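J.: output the structure for:
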Amino acid sequence: MTTSSNEKPARKTKARKFYVVSLDYRTRSAPGWRMENLELLEGSRQGLSPPIGQRGFPPYPEPPRLLIDNSLGREPRDFEIYHDYWVVSDRMKSVLETIDPEAVAFVKCDTLHGDGSAGPAYWLCDVLRVLDAVDEEKSRVKIECDPPDHRKRYNLLGGANLFFREDIVVGSIHLFRLRFLLPKIVCDQYLKAACKEAGLKGIGFNDAADY
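T.: Okay, the predicted model is just below:
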């Protein structure tokens, strides 16, 4: 069977791109905000973190109290990182809930200005989903085993090229943590585009295939 000279060859579908989420470090001014009741929230822990062996939030005795003090620096942006969590604006929360609601959990903060007046709405946010999604055969990544229990972990120092098992693991998911490097959170191009379209400030995206 011959192909007509007028027929165009089928285009190859472009591979979906993935990004490691980070702060936008182009803004280097000092943050002018703090968690006023941090000591009460963290209890016996050092810093704010999820329950051991889980994601999400422990039961807090009272809402996180975010104090915005312009004398210290800039107001919080749409996206900030605080201990093991994100601090996000209403706009950022809306984007996350629209694109991948099952990936995230939120705790509302009481937000105050230094003069005691109410501030804009902010939320503690945790990315709940953890995936063993890295295609280790295609990726360039250091794989280590931490003593004493020899737990597997990834080391991205010195650079890495991460590719993911889309058909088997990722599917239609847009946001997840790396199973063997929990602090690193990955999103796809659709979430990145939604953040850009919403005009969100403070969030950065590093190409996972050229990290």
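J.: run the chain-centre distance for the longest strand out of those in the chain.
T.: Across the chain, the strand with the greatest residue count (assigned by DSSP state E) is strand 181-188. Relative to the centre of its chain, strand 181-188 is centred 6 Å away, using CA atoms, centre = their mean, to the nearest Å.
J.: contacts for the helix or strand just after it, please.
T.: Sequence order places helix 189-197 as the next helix or strand after strand 181-188, per DSSP states H and E. Here helix 189-197 makes contact (CB atoms under 8 Å, 6 or more residues apart in numbering) with 16-19, 92, 95-96, 98-100, 174-175, 203, 205. Every C-beta, even on glycine, is put in place using the N, C-alpha and C of the backbone.
J.: stretch 166-180 now?
T.: Residues from elsewhere that reach stretch 166-180 (CB under 8 Å, 6+ apart): 16, 55, 96, 99-100, 103-104, 127, 129-134, 143, 152-154, 164, 183-188, 190-191.
J.: where do the strands of this structure begin and end?
T.: Here the chain has its strands, by DSSP E, at 18-23, 33-35, 65-68, 79-82, 85-89, 104-108, 110-113, 122-127, 130-131, 142-146, 151-155, 175-178, 181-188, 203-207.
J.: the fourth one - contacts with which helices or strands?
T.: Right, strand 79-82. When contacts are defined as 3 or more CB pairs under 8 Å, 6 or more residues apart in numbering; DSSP states H and E, strand 79-82 packs onto strand 18-23, strand 85-89.
J.: buried deepest among these, which one?
T.: Per-stretch averages of neighbours, counted by mean count of other CB atoms under 10 Å, single out strand 85-89 among those, with a mean of 24.
J.: where does pLDDT dip in this protein?
T.: Within the chain, the stretches falling below the threshold (pLDDT under 70) are 1-13.
J.: and if we set it to 90?
T.: Along the chain, segments meeting pLDDT under 90 span 1-16, 25-31, 43-46, 53, 70-72, 75, 114-116, 145-151, 167-168.
J.: now the end-to-end length of stretch 131-145.
T.: Terminal residues of stretch 131-145 lie 18 Å apart, using CA to CA, to the nearest Å.
J.: with stretch 69-88 instead?
T.: Length of stretch 69-88, first residue to last, CA to CA: 17 Å.
J.: what of stretch 82-100?
T.: End-to-end distance for stretch 82-100, by CA to CA: 21 Å.
J.: before we move on, what about stretch 131-150?
T.: In terms of CA to CA, the two terminal residues of stretch 131-150 are separated by 20 Å.
J.: next one: stretch 56-63
T.: Start-to-end span of stretch 56-63 (CA to CA) is 15 Å.
J.: which other residues reach stretch 45-62?
T.: Here stretch 45-62 makes contact (CB under 8 Å, 6+ apart) with 35, 37-38, 40-43, 64, 82-85, 105, 107, 124, 126-128, 130, 177.
J.: now the buried members of those residues.
T.: Using 16 or more other CB atoms under 10 Å as the burial test, those include 35, 37, 41-42, 64, 82-83, 85, 105, 107, 124, 126-128, 177 as buried.
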